[in-house]
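Trainee: the following block contains a protein sequence and its predicted model.
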Amino acid sequence: MKLRMRPASTFLKRPGGWLLGQASTPAQRRVAVAVLVTAGLLLAAAVWQDQARRWQLQQLLASRGLVAPVVRRPAPVLSVQADRQRANHAIRQLNTPWPELFAMLEAQADPQAVALLSVEPNIDRGAVRIQTEGPLLDDLLTHASRLGQQPQVRQMQLLRVDEREAQGRRFARLTFDLTLAR
């Protein structure tokens, strides 16, 4: 097998290769330039035609004593009050003492009697809705009253009590709100 060596001149960059790459021929580059120029001319003609039609419409309306409607978009109304309320809501949410709240819930937890199902914040009221479940309602009420006596809590409000028997097992659910002291 005989190796053919290319001359060094084929590896040099050819001028005009930026348009279609080095592999393009001069004829391909001329066609590409012609297509680009034609597209530019067609675009310019379309813009020119649109402006001419607008000018003709304005002339026609002016000759009949009519005024062309000016379409203006209303400026966006900045609601400073709404922005301030959103910012204050975000600040209250960030300032909720989550580590202290969870530490308080863990300190008062009795895993044998009470299971914590959910903790849902209501930032606007400064309250936290807590749902617990256990085998005895008395244990849940005792747990809720201990949480209500903590220094981080301003008020405790019972919302819902539900006692059920399912699959041969009795259980109770208790939902209450803790309003946090600020």
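Mentor: Perfect, thanks for sending it.
Trainee: show me which strand runs longest in this structure.
Mentor: Criterion DSSP state E: the longest strand present in the chain is strand 153-166.
Trainee: tell me the angle whichever helix or strand comes after that one makes with strand 153-166.
Mentor: As assigned by DSSP states H and E, the chain's next helix or strand after strand 153-166 is strand 169-180. Going by axes from the mean of the first three to the mean of the last three Cα atoms, to 10 degrees, strand 169-180 is angled at 160 degrees with respect to strand 153-166.
Trainee: low pLDDT regions in the protein?
Mentor: In the predicted model, the chain carries pLDDT under 70 at residues 1-23, 67-73, 75-78.
Trainee: please enumerate the strands of it.
Mentor: Counting by DSSP E, the strands of the chain are 115-122, 127-134, 153-166, 169-180.
Trainee: which parts of the third one are buried?
Mentor: I take that to be strand 153-166. Residues 153, 156 are the ones in strand 153-166 that count as buried (16 or more other Cβ atoms under 10 Å). In short, each C-beta sits where N, CA and C put it, glycine included.
Trainee: same for it, what does it pack against?
Mentor: Helices and strands in packing contact with strand 153-166 are listed as helix 137-148, strand 169-180; criterion 3 or more Cβ pairs under 8 Å, 6 or more residues apart in numbering; DSSP states H and E.
Trainee: hmm, who's touching it?
Mentor: 104, 129, 137, 144-145, 147-148, 170-182 (Cβ atoms under 8 Å, 6 or more residues apart in numbering).
Trainee: list the buried ones in the longest helix along the chain?
Mentor: With secondary structure taken from DSSP state H, the chain has its longest helix at helix 26-63. Across helix 26-63, burial judged by 16+ other Cβ under 10 Å covers residue 29.
Trainee: just put the helices and strands packed on strand 153-166 in JSON lines and tack on distance to residue 58 and mean neighbour count.
Mentor: Formatted as JSON lines, the helices and strands packed on strand 153-166 follow (distance: least, Cβ to Cβ, whole Å; neighbours: other Cβ atoms under 10 Å):
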{"stretch": "helix 137-148", "distance to residue 58": "74", "mean neighbour count": "17"}
{"stretch": "strand 169-180", "distance to residue 58": "65", "mean neighbour count": "18"}
